[in-house]
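Undergrad: here is my input; please provide its structure:
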Amino acid sequence: MVGGRRAGVGAIVKAPRPVHPDASARQQRASDPAASVFVSANAGSGKTHVLVQRVIRLLLNNVDPARILCITFTKAAAANMAERVFSTLGRWVTLEDEALDAALRDAGIAQPDARWREQARKLFASALETPGGLKVQTIHALCTRLLQQFPFEAEVPARFTVLDERDQTEMMERASIHVMLDAAENPDSPAGRALRYAMGAEADTTLRDVISQACLRRDHAVAWTGDRGTGQAVRDVADALGVDPDERVEDVEREMIDGPNLPRSKWLDTAALIATGSSNDIKQSERLRDAHAEAGDTAQADRYLDVFLTGGGSPRKSFVTKKISDVRPDIAEMLADECQRVIALLARRRAINIRDRTQSLLVIAAAVAAHYGREKHERGLLDYDDLIDKTLRMLEQTSPGWVHYKLDRGVDHVLIDEAQDTSPKQWDIVERIIADFTAGEGAREGVRRTVFAVGDEKQSIFSFQGAAPREFDERRRKLEMKFTDAKLPFRKEDFIYSFRSGKAILESVDHVFRDPGIYASIHAVGAHPVHESLADAAPGIVDLWNLEERDPREEIEGWRAPFDAVTATSPEVKLARRIRNEIRTLIAQGAMTGHLGNRRPLGHGDILVLVRRRGSAFNAVIQALKQSGIPVAGADRLKLTEHIAIIDLMNLTDALLLPRDDLALAVALKSPLFGLDDDDLFKLAWQRKGSLRDALAGHATASDKFRDAF
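TA: Modelled structure (predicted):
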């Protein structure tokens with residue numbers, strides 16, 4: 001829970017919050033439009049504020065809004081940045097001279113005068129009326145615009161459409177179903193053999209999920225098979241695993257159960273000998289007999305492994321007791337040798353299984369990706385990965401000057417938000433757009449062209465989309481070298497002061513990341529991250545709770561369980577109750593929040609409960625708070641397609657669009673939209689000649705209920 005927030009709507013702020021001089025100086029330097037700047041900003045250190053301030057200072061310096069390009073990672077971030085720029089400029093129009101001078105000083109204008117005030121009041125209209133306007137967009141929106149302007153050079157359809165995630169998922173589903181049906185109809189084809197093997201392999205996720213992931217992350221699996229060919233890719237896998245590409249798992253299993261030490265023809269005799277020992281020897285004897293009783297090499301190999309390995313897969317401490325080993329030391333020695341041999345064969349068996357599973361996945365994924373690609377090409381569609389790939393390829397083959405000319409006749413200033421989530425390919429696109437910023441005088445009409453990037457490696461969460469946090473520091477070093485060589489100003493700034501959290505919170509973060517083994521995994525700089533709080537920050541405390549455990553519960557058969565048994569409480573529910581009690585205590589004790597000079601009692605709206613995912617714990621917390629009368633916002637978004645009312649409407653739509661979809665119509669008719677019951681549906685469906693809709697039309701004349709529904 002995090003207490004302490006900015007004043008809410010309607011709150012009275014008595015005075016501006018004082019900012020540490022060093023924090024203010026760092027922000028002023030970072031927003032200076034005369035230099036290119038890379039900012040490494042901790043959470044809550046005001047990076048978006050500085051980004052907006054830099055845009056405003058560029059506009060104050062008479063930079064044409066059309067020559068400013070702001071690149072963000074998400075649409076929400078782009079909308080937020082644009083809104084903050086325009087709301088600031090719009091507010092300046094209405095300010096009195098004294099208030100406007102103060103705002104200009106905050107923006108970095110040391111001595112505002114009448115000329116600066118006049119310029120500031122014109123900016124709002126200028127930014128709105130400029131053809132093309134101020135460009136604040138995601139990297140994918142930028143790529144879409146570039147490809148639309150260079151369709152011939154990029155080899156894309158002139159009127160291509162961008163696939164959203166939902167349509168992309170549906171297309172991938174169709175491609176997957178098509179390939180699997182075709183493979184099932186042709187079992188001797190490569191895809192058919194791959195499907196047969198894959199369906200028999202146990203896995204933690206479904207085959208279609210794995211195939212979809214392989215196809216959508218085509219920079220890895222699909223690109224690999226495309227460059228090397230599936231056959232060579234499988235040979236690469238076999239080499240990496242240390243097995244022969246043609247080695248069969250059946251041969252390894254046969255070698256496992258018919259080895260030189262204890263061939264299966266001697267299992268029963270050996271079991272009888274071991275059974276003369278203690279109770280543990282008898283159990284070992286039974287394991288050997290069970291292995292002999294199995295049918296098939298695979299089943300026998302699995303059972304045979306139980307003789308040597310525990311349930312956890314580690315070797316047993318001993319294979320016979322002292323009672324046997326004293327009499328027959330050769331048996332104990334033979335079983336120990338056999339264990340080593342079997343473990344080595346087990347590793348080979350696993351490696352071959354991994355090779356074969358990988359091969360089946362690659363064959364099917366390549367076929368699905370090919371089908372998916374053909375449908376995109378036929379329909380003139382591009383997905384988000386296509387936007388990045390084709391833009392980068394086009395920029396590699398096109399003059400940067402020509403690209404800038406087409407980009408509203410030039411971009412002089414590029415600003416990148418959330419740079420830690422920018423993938424290497426996205427960085428390559430940015431670098432090609434700014435390639436001539438360091439050529440000559442920078443190099444157009446004496447204009448000093450700049451780059452600004454802000455991010456935090458520690459906050460990178462989009463590795464699944466290709467983000468590489470260390471790229472931020474590596475790209476900074478490369479650009480710094482280029483700008484320095486061109487004798488152009490370049491600066492690195494660190495924002496270490498938090499406007500959001502108190503000293504106790506920040507010190508606990510620094511304490512966690514003090515170990516080099518931890519901070520080195522998230523931080524390219526060779527030192528642990530440093531977080532500083534403001535002097536007036538709200539007080540805070542870090543309270544570590546022990547993990548909640550499930551109530552003990554005795555396993556009893558259902559018919560023997562007592563009627564008055566107490567239901568076991570899950571850890572999620574126990575944690576939710578503890579959170580509820582903690583909130584009650586904080587409010588009842590009159591805990592304070594707000595920075596110094598603006599202290600006030602803590603309210604329910606000041607408390608935020610963060611969860612890793614929207615699972616059972618999330619629902620348990622909301623339920624516990626609501627049951628106790630604690631006001632809670634609840635879930636901030638709803639999956640509409642999972643709501644029963646939306647499902648009914650979607651079925652109705654399917655029934656209207658597809659007259660022969662009997663199931664969709666039946667579901668719609670039984671919903672509250674029509675209110676028919678099971679008897680009504682039976683009357684319609686029983687012995688009907690055509691579709692359910694035809695039957696409904698036929699019964700419409702005989703019943704008001706059916707007529708209204710029809």
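Undergrad: quick one: the strands in the chain?
TA: 36-41, 68-72, 135-138, 161-162, 381-382, 413-416, 450-455, 490-495, 497-498, 532-533, 592-593, 600-601 (DSSP state E).
Undergrad: now distance to Asp269 too, for these, in TSV please.
TA: Backbone N, C-alpha and C define where each C-beta goes, glycine included. Converted to TSV, the strands of the chain look like this (distance: least, C-beta to C-beta, whole Å):
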stretch	distance to Asp269
strand 36-41	72
strand 68-72	75
strand 135-138	73
strand 161-162	71
strand 381-382	68
strand 413-416	75
strand 450-455	70
strand 490-495	75
strand 497-498	75
strand 532-533	76
strand 592-593	79
strand 600-601	83
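Undergrad: so which of those gets nearest Met171?
TA: Taking C-beta to C-beta, strand 381-382 is the member of the strands of the chain nearest to Met171, at 8.0 Å.
Undergrad: can you tell me the closest non-neighbouring residue to Phe618?
TA: Among residues not flanking Phe618 along the chain, Val611 sits closest, at 4.8 Å (C-beta to C-beta, 6 or more residues apart in numbering).
Undergrad: out of the strands of the chain, which is closest to Arg84?
TA: Closest among the strands of the chain, using C-beta to C-beta: strand 135-138, at 9.9 Å.
Undergrad: note down every partner strand of the closest one and its orientation.
TA: Take DSSP bridges as the rule and strand 135-138 pairs in its sheet with strand 68-72 (parallel).
Undergrad: quick one: contacts of the strand it pairs with?
TA: Here strand 68-72 makes contact (C-beta atoms under 8 Å, 6 or more residues apart in numbering) with 51, 55, 58-59, 78, 81, 134-139, 142, 407, 411-418, 430, 433.
Undergrad: how about low-confidence regions in the stretch 1-150 of the chain?
TA: Within the stretch 1-150 of the chain, the stretches with pLDDT under 70 are 1-18, 130-133.
Undergrad: would you state the helices of it in chain order?
TA: Secondary structure of the stretch 1-150 of the chain (DSSP state H, counting those that start in this stretch): helices at 21-30, 47-60, 75-94, 97-106, 114-129, 139-149.
Undergrad: deepest-packed of these, please.
TA: A comparison of the helices of the stretch 1-150 of the chain by mean neighbour count, using mean count of other C-beta atoms under 10 Å, puts helix 47-60 on top with a mean of 22.
Undergrad: does anything pack onto that helix? Which helices or strands?
TA: On a contact count with 3 or more C-beta pairs under 8 Å, 6 or more residues apart in numbering; DSSP states H and E, helix 47-60 meets helix 21-30, strand 36-41, strand 68-72, helix 75-94, helix 114-129, strand 413-416, strand 450-455.
Undergrad: check the offset of the shortest one from the chain's centre.
TA: Per C-alpha atoms, centre = their mean, to the nearest Å, the displacement of strand 413-416 from the mean C-alpha position of its chain is 25 Å.
Undergrad: not counting sequence-adjacent ones, nearest residue to Gln27?
TA: Val50 (5.1 Å).
Undergrad: the residue nearest to Phe618 contacts Ile622, doesn't it?
TA: No: with contact defined as C-beta atoms under 8 Å, Val611 does not count as touching Ile622 (10.1 Å).
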